[in-house]
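Visitor: quick one, fold the following:
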Amino acid sequence: TFPTPQYAGHVLMSHIQDYGDVRFEMGYASALSVFLLVMMYAANKLGHKLFGTRGDE
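Guide: A predicted model of the protein is given here:
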């Protein structure tokens, strides 16, 4: 059942799917996907910095 009532469970991935597959606004969906990629990369770097061992540097 898409979309959720009043977009209560509308997270970034379902937002990308909505704009890419339903509304066919590929540029906006692509920009959001790149933004998500950058956020995941930053979260990975932060997690490695916080929880990585000294030998991994």
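Visitor: what about residue 31, which helix or strand?
Guide: helix 26-51 (DSSP states H and E).
Visitor: which positions in that helix come out as buried?
Guide: 29, 32 (16 or more other CB atoms under 10 Å). Every residue, glycine included, has its C-beta placed from N, CA and C.
Visitor: what is that helix packed up against?
Guide: Packing contacts for helix 26-51, counted by 3 or more CB pairs under 8 Å, 6 or more residues apart in numbering; DSSP states H and E, involve helix 12-17.
Visitor: hey, C-alpha coordinates of the helix it packs on in CSV?
Guide: Only the C-alpha atoms of helix 12-17 are listed here, as CSV (Å, rounded to 0.1, in the frame of the first residue of the first chain):
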residue,chain,number,x,y,z
LEU,A,12,13.9,8.7,2.0
MET,A,13,13.9,5.4,0.0
SER,A,14,10.2,5.4,-0.5
HIS,A,15,10.4,9.1,-1.5
ILE,A,16,13.0,8.2,-4.1
GLN,A,17,10.8,5.4,-5.4
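Visitor: buried set for it?
Guide: Buried, per 16+ other CB under 10 Å, within helix 12-17: 15, 16.
Visitor: roughly how far out does that helix sit from the chain middle?
Guide: On the basis of CA atoms, centre = their mean, to the nearest Å, helix 12-17 sits 8 Å off its chain's mean C-alpha point.
Visitor: repeat for stretch 21-33
Guide: On CA atoms, centre = their mean, the centre of stretch 21-33 falls 13 Å from that of its chain.
Visitor: likewise for stretch 40-53?
Guide: 17 Å.
Visitor: quick one, grab the pLDDT at residue 15.
Guide: Residue 15 carries a pLDDT score of 85 in this model.
Visitor: to clarify, my last question referred to residue 31.
Guide: For residue 31, pLDDT reads 94.
Visitor: any weak-confidence spans in this structure?
Guide: 1-4, 56-57 (pLDDT under 70).
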